[in-house]
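Trainee: Build me a model from this:
(2 chains)
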Number of protein chains: 2
Amino acid sequence: MISENFKIQESELIQTIHSTAQKFGAHGVWGDDPTETGVCRLALTDLDRQIKDWFIEETKSLGCTIKVDNVGNIFATFPGKHNDHLATGIGSHLDTQPTGGRYDGIYGVLSGLQVLRTLKSNGYIPNFPITLVNWCNEEGARFPMSMMASSVWAGLTTKEDVYKLQDVFDSSITVKDELKRIGYLGEVECSHRFNPLKCHFEIHIEQGPILEALDKKIGVVTGAQAFSWIEVTFEGTAQHTGTTPLEFRQDALLAASQVIWKLNEMAKTHGGLATVGKISIGPDVVNVIPEKVSFVIDFRHCDDNVHKAMESEVFDIIEQASKNALGNGRPLKYSTNLLIHSPASHFDKKMLGIIKDSASSIVGDTLTHEIVSGAGHDSCNTNHIVPTAMIFVPSKDGISHNPKEYTKPEEILIGFKVLLETILRYDADRLSELQPN
Amino acid sequence: MISENFKIQESELIQTIHSTAQKFGAHGVWGDDPTETGVCRLALTDLDRQIKDWFIEETKSLGCTIKVDNVGNIFATFPGKHNDHLATGIGSHLDTQPTGGRYDGIYGVLSGLQVLRTLKSNGYIPNFPITLVNWCNEEGARFPMSMMASSVWAGLTTKEDVYKLQDVFDSSITVKDELKRIGYLGEVECSHRFNPLKCHFEIHIEQGPILEALDKKIGVVTGAQAFSWIEVTFEGTAQHTGTTPLEFRQDALLAASQVIWKLNEMAKTHGGLATVGKISIGPDVVNVIPEKVSFVIDFRHCDDNVHKAMESEVFDIIEQASKNALGNGRPLKYSTNLLIHSPASHFDKKMLGIIKDSASSIVGDTLTHEIVSGAGHDSCNTNHIVPTAMIFVPSKDGISHNPKEYTKPEEILIGFKVLLETILRYDADRLSELQPN
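Mentor: Numbering: from 1, shown residues only, chains lettered A, B, ... in the order given. From the prediction side, this is the model:
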């Protein structure tokens, strides 16, 4: 274990998590302790400016050089011995959901910071530079595009397109306006071409219940699921619930309920996920048969081929429900609209091997578990461009995007130690780059 | 056929329907013709006052005496030969839903008016007095109690309770305020004890699709279904749709969808009806598993015993869904709240026989059909106190509580003729009351 000779300030990371939460957006009290609140720190607000300023100050004090790109990403580079080589990347985000917790994203950036602090305080110079990235607007809560600025960096969308995005709370305000206003419309082009990295590591809370349920401490994240969102609208006829025989009905909610039920069966069959989280109904009156029901289907699988097969079954299920709701009514009209399709991510095998070995050396094999990320992360974007891998730590009760989001301090520390060991091992492994061919 | 020697003004009724709709609340254009609108005439508004004033003026001009009771019902009594006997009652209502049509309720009162006009214009004096009733606030749209004033008349609720009802659009206004303001807080006690009737006939549009589908012109309404409304709330856990395996979920919408689906099967098995028309969901976000879903189950059957058996199955279905949504998640909390239970009505066999014979004499047996009312009517209340029966005419596409509510002019006329013949036959039948025992 490379890091075993390092002196580690064991409580510094958790203290930084709590002190920054307190200073920059504490919101949503859920317990008596001052640390028992969530955080509301929406992208490109004054609070986001304050945490960005703080991030730059902290990393500069460690000797980092700073680059701010023109979509608000901050790259803080800790120098190594061979600074003419690309930097090893560590990144995540410091923005939150409106009802966010203290850990989602934040834990990743502050763990990266803690790695740099540990190198610095131990007087250790890595072989290669290390760049810690604070990606801008991962949550997409205020400006509605998840993983916004990492998408631009990876060339998956353009800066012009994201500049136009409007504040969901005030449509007169755009991303570009706010980047300018808070002083984070940087001069570096937001692109992996102009501002490249060697690779991207990210540590994150799981946001799901699996590690906790299996009593594991470290998730080696092999990739992220493919997912799609399909909006469905059924249109039937509003009729009196007391006067319309079942066989005369076009009940849009009955059709929707058949879909919701069948989707769950289908997802189980494929070992994937399917959910309807959003639904609206009209006219929404007790004694009127629902005329119009719209809902969004979210379905996911870690294998793109299975996800594709699921998609086809989703459309069959909708079609069947529309034709004859449960064999006991009249056909309904329907329409569908694919809102999002995101293919599966498969992270870099070599990096995953290093993470796994690092975790084994710290908590042992029995507490280490391979896992697929259910949610999207900035790493899913960087993975299109550079070798990428992620580490998960447990989330209490699988709760996230909620003030109650919680990971135990000892789990926070274990995750950091695995990240530190991983970065050191990766840095050592990169020495082969210096060999002449 | 008693009425065959009567001279009938064949277009007068439909003209009255259209002219009163035009003058008193035309609303909701659905076609090019001036008659192609609905009506919005909420109970106890100025428009309701105007139609009440008009009703009194019209019936007075026919020689009727008027009683207004202290819950706003108007009794217009056309004299017969034996005015010391109770009057034969005909009634319905002139108020509408906010998005009402031209026929619901209105057709019943104006057909009764047309019966009186026809007796008058033919110089015919019935054996017994005939009272035409305009029941106040049948719809319960503005002041939320359906069949409000007929409930008080029948002693099913008290005038004090209905006086307190608040305007759903402005809670500072009560029924009593508005009765006073529009001048319809009458002096007669609203009670079958103080202001009795011999019986109650009501003609109404079907508000369902059955007569039209079977190509029938007259429905002999044998009663009304029992119905109940049960509010159900499922409480699960809001979790990320991408990170929470199916077996860890407490998906409140999945449980609700199972209930909606099972209810439909259950209703079919029993030959009854079950519907969910109203549902709300939280937090209603695409990638969050629904935490809380509330909905109202409306279920009906014409037989009280079967309805009771259905109720027991409804609770079983809810319980099953809560325990384990589709065998593929974790148990959810739930609560239920019985909002309404209304037992089945069974109308008077002798009166139904007279209606059936009258219909046969006018359109023949093949166009006459026995039917059970799916909706509630003032007749369901009078049926608790006096012999009661109803006549239905077809509703185009079964549509009601909608501006598009429509019954063909020729069907309007047929219905009126059956009512006229029924009233004359019943009046003749009542001569037996004059025989000494």
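Trainee: So A:I362: helix, strand or coil?
Mentor: Look at A:I362: counting by DSSP: H, G, I helix; E, B strand; the rest coil, its state is helix.
Trainee: from memory it sits against A:E421, does it?
Mentor: Yes. Between A:I362 and A:E421 there is a contact at 6.2 Å, judged by Cβ atoms under 8 Å. The C-beta positions use only the backbone N, C-alpha and C, and glycine is treated the same way.
Trainee: if I look at the two, which residues touch both of them?
Mentor: By Cβ atoms under 8 Å, 6 or more residues apart in numbering or on different chains, A:I362 and A:E421 have these common neighbours: A:M1.
Trainee: of the two, who's got more company?
Mentor: A:E421 (24 against 21; other Cβ atoms under 10 Å in any protein chain shown).
Trainee: Three-state assignment for that one, please.
Mentor: Relying on three-state DSSP, one would call A:E421 helix.
Trainee: Tell me who's in contact with it.
Mentor: Contacts of A:E421 by Cβ under 8 Å, 6+ apart are A:M1, A:I2, A:S3, A:S358, A:S361, A:I362.
Trainee: tell me the two of those that are most distant?
Mentor: A:I2 and A:I362 (11.2 Å; Cβ to Cβ).
Trainee: mind checking pLDDT for A:T99?
Mentor: The per-residue pLDDT reported for A:T99 equals 86.
Trainee: Apart from its chain neighbours, what residue comes closest to A:V168?
Mentor: A:P144 (5.8 Å; Cβ to Cβ, 6 or more residues apart in numbering or on different chains).
Trainee: Mind pulling the model confidence for the residue in the stretch 301-437 of chain A that chain B sits nearest to?
Mentor: Using Cβ to the nearest Cβ, A:G374 is the residue of the stretch 301-437 of chain A that sits closest to chain B, at 3.4 Å. Predicted confidence (pLDDT) for A:G374: 93.
Trainee: if I look at the residue of chain A lying at maximal distance from its centre, how far off is chain B?
Mentor: Farthest-out residue of chain A from its mean C-alpha position, per Cα atoms, centre = their mean: A:T243, at 49.8 Å. A:T243 sits at a distance of 3 Å from chain B (criterion: Cβ to the nearest Cβ, to the nearest Å).
Trainee: what's the nearest residue to that residue once chain neighbours are set aside sitting at in phi/psi?
Mentor: Among residues not flanking A:T243 along the chain, B:G208 sits closest, at 3.0 Å (Cβ to Cβ, 6+ apart). Backbone torsions of B:G208, given as degrees, to the nearest 10, read phi -150, psi 180.
Trainee: show me what contacts B:G208?
Mentor: A:Q239, A:H240, A:G242, A:T243, A:T244, A:P245, A:F248, B:G374, B:A375, B:S395, B:G398, B:S400.
Trainee: Pretty sure the third one sits against B:G277.
Mentor: No. With contacts counted by Cβ under 8 Å, A:G242 stays clear of B:G277, the gap being 10.8 Å.
Trainee: Spell out which residues are contacts of both of those two.
Mentor: Common neighbours of A:G242 and B:G277 (criterion: Cβ under 8 Å, 6+ apart): A:N287, B:D298.
Trainee: So these two - more neighbours on which side?
Mentor: Taking neighbours as other Cβ under 10 Å, A:G242 and B:G277 compare with B:G277 leading, 24 against 20.
Trainee: so which helix or strand takes in that one?
Mentor: Assessed by DSSP states H and E, B:G277 sits inside strand B:273-282.
Trainee: other SSEs contacting that strand?
Mentor: helix A:252-270, strand A:273-282, helix B:252-270, strand B:292-301 (3 or more Cβ pairs under 8 Å, 6 or more residues apart in numbering or on different chains; DSSP states H and E).
Trainee: and those as JSON lines, adding distance to B:H307?
Mentor: Shown next, in JSON lines, are these (distance: least, Cβ to Cβ, whole Å):
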{"stretch": "helix A:252-270", "distance to B:H307": "21"}
{"stretch": "strand A:273-282", "distance to B:H307": "26"}
{"stretch": "helix B:252-270", "distance to B:H307": "9"}
{"stretch": "strand B:292-301", "distance to B:H307": "4"}
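Trainee: Tell me which of these lies nearest to A:N137.
Mentor: Taking Cβ to Cβ as the criterion, strand A:273-282 is the member of the helices and strands packed on strand B:273-282 that comes nearest to A:N137, at 21.9 Å.
Trainee: List the buried residues in the closest one.
Mentor: Buried residues in strand A:273-282, counted by 16 or more other Cβ atoms under 10 Å in any protein chain shown: A:L273, A:A274, A:T275, A:V276, A:G277, A:K278, A:I279, A:I281.
Trainee: Return the set of residues that bridge with the fourth one.
Mentor: I take that to be A:V276. When bridges are called by DSSP bridges, A:V276 pairs up with A:I297.
Trainee: per-residue confidence for it?
Mentor: Reading off the confidence values, A:V276 has pLDDT 97.
Trainee: correct me, but it touches A:F295?
Mentor: Yes. Using Cβ under 8 Å, A:V276 is in contact with A:F295, at 5.0 Å.
Trainee: which residues are in contact with both of those two?
Mentor: Joint contacts of A:V276 and A:F295 (Cβ under 8 Å, 6+ apart) are A:A256, A:V259, A:I260.
Trainee: List the buried residues of stretch A:36-46.
Mentor: Here stretch A:36-46 shows A:T37, A:G38, A:V39, A:C40, A:R41, A:L42, A:A43, A:L44, A:T45 as buried, counting by 16+ other Cβ under 10 Å.
Trainee: hey, where'd the strands end up in the stretch 151-300 of chain A?
Mentor: With DSSP state E, counting those that start in this stretch as the criterion, the stretch 151-300 of chain A has strands at A:166-167, A:170-174, A:199-205, A:218-224, A:226-235, A:273-282, A:292-301.
Trainee: re the thing from before, please dump the shared contacts of A:V276 and A:F295 into TSV; it should also carry neighbour count and distance to chain B for every row.
Mentor: Below are the shared contacts of A:V276 and A:F295 laid out as TSV (neighbours: other Cβ atoms under 10 Å in any protein chain shown; distance: Cβ to the nearest Cβ, whole Å):
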residue	neighbour count	distance to chain B
A:A256	29	7
A:V259	27	8
A:I260	28	4
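Trainee: Please identify which of the residues you listed is nearest to B:L431.
Mentor: A:A256 (59.1 Å).
Trainee: does the nearest residue to A:N195 once chain neighbours are set aside have beta-bridge partners, and which?
Mentor: Spatial nearest neighbour of A:N195, excluding adjacent residues (Cβ to Cβ, 6+ apart): A:V188 at 5.4 Å. Beta-bridge partners recorded for A:V188 (DSSP bridges): A:D69.
Trainee: show me what contacts A:V188?
Mentor: Contact analysis of A:V188 by Cβ under 8 Å, 6+ apart lists A:K67, A:V68, A:D69, A:N70, A:F75, A:F194, A:N195.
Trainee: check contacts around the second one.
Mentor: With contact taken as Cβ under 8 Å, 6+ apart, A:V68 is in contact with A:I74, A:F75, A:Y184, A:G186, A:E187, A:V188.
Trainee: Quick check: the gap between A:N264 and A:T233.
Mentor: Distance of A:N264 to A:T233, computed by Cβ to Cβ, to the nearest Å: 20 Å.
Trainee: Look at these two and report which has more neighbours.
Mentor: Neighbour totals were compared for A:N264 and A:T233, and A:N264 leads with 25 against 17 (other Cβ under 10 Å).
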